[in-house]
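# I'd like to go over a predicted model; first the sequence, then the structure.
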Amino acid sequence: MEVILKQDMPKLGHKDDIVVVKNGYAANYLIPKGFAIQATTNAKVILAENKRQQAHKEEKLRNAATEIADKLNGLKLTVGAKTSTTGKIFGSVTNIQIAEELEKKGFDIDRKKIDFLPVKEIGTYKATVGLFKDIKAEIEFEVISE
């Protein structure tokens, strides 16, 4: 029996895949539990339309992320931090501070998408901003003493 998976299933397939399984497995487990629906002609047409629409939306998001990545690449930020006389930072510079500096520059980036190692000293560092599945931008930031 052909079924369309509604979610990822280990050793069977991914969401929206059409797979062939034994009748009993589909009728007694996959369909009643809501993991799959029977792959009728109508269901296949609806699936194809949903995939087409999703690809269109994803393309828009990818284009927007590429534009933002082009603007972010090579961007230099300056982050102020309270430091000791030796240049050690009291605490550390976090992705929240980087997100605030980006917001001042006009970029609305979620702090959870900014990735870098903890910064404990004055200097120049790099951070990676994840914008889309495989689109990332690299920004440079300098930590200075306030």
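Arrived safely, thanks for sending.
# Next, find the distance separating the residue sitting furthest away from the middle of the chain from S145.
Among residues of the chain, the one most distant from the C-alpha centroid is T85; the distance is 39.3 Å, by CA atoms, centre = their mean. With the distance defined as CB to CB, to the nearest Å, T85 ends up 9 Å from S145. Every C-beta, even on glycine, is put in place using the N, C-alpha and C of the backbone.
# what do you get for T83?
Taking CB to CB as the criterion, T83 is separated from S145 by 4 Å.
# Ok, P118 next?
P118 sits 18 Å away from S145 when distances are taken as CB to CB.
# what does Q38 give?
Counting by CB to CB - Q38 and S145 are separated by 66 Å.
# How about S84?
Taking CB to CB as the criterion, S84 is separated from S145 by 9 Å.
# According to the record, where do the domains of this structure fall?
Domain segmentation of the chain under automatic domain parsing yields 2-67, 69-145.
# Show me what the lengthiest helix in the chain is packed up against.
What stands out as the longest helix in the chain, according to DSSP state H, is helix 41-72. The helices and strands touching helix 41-72, judged by 3 or more CB pairs under 8 Å, 6 or more residues apart in numbering; DSSP states H and E, are strand 2-5, strand 136-145.
# Sheet partners, orientation included, of the last one?
According to DSSP bridges, the neighbouring strands of strand 136-145, each with its direction, are strand 76-81 (parallel), strand 123-130 (antiparallel).
# Fine by me, thanks again.
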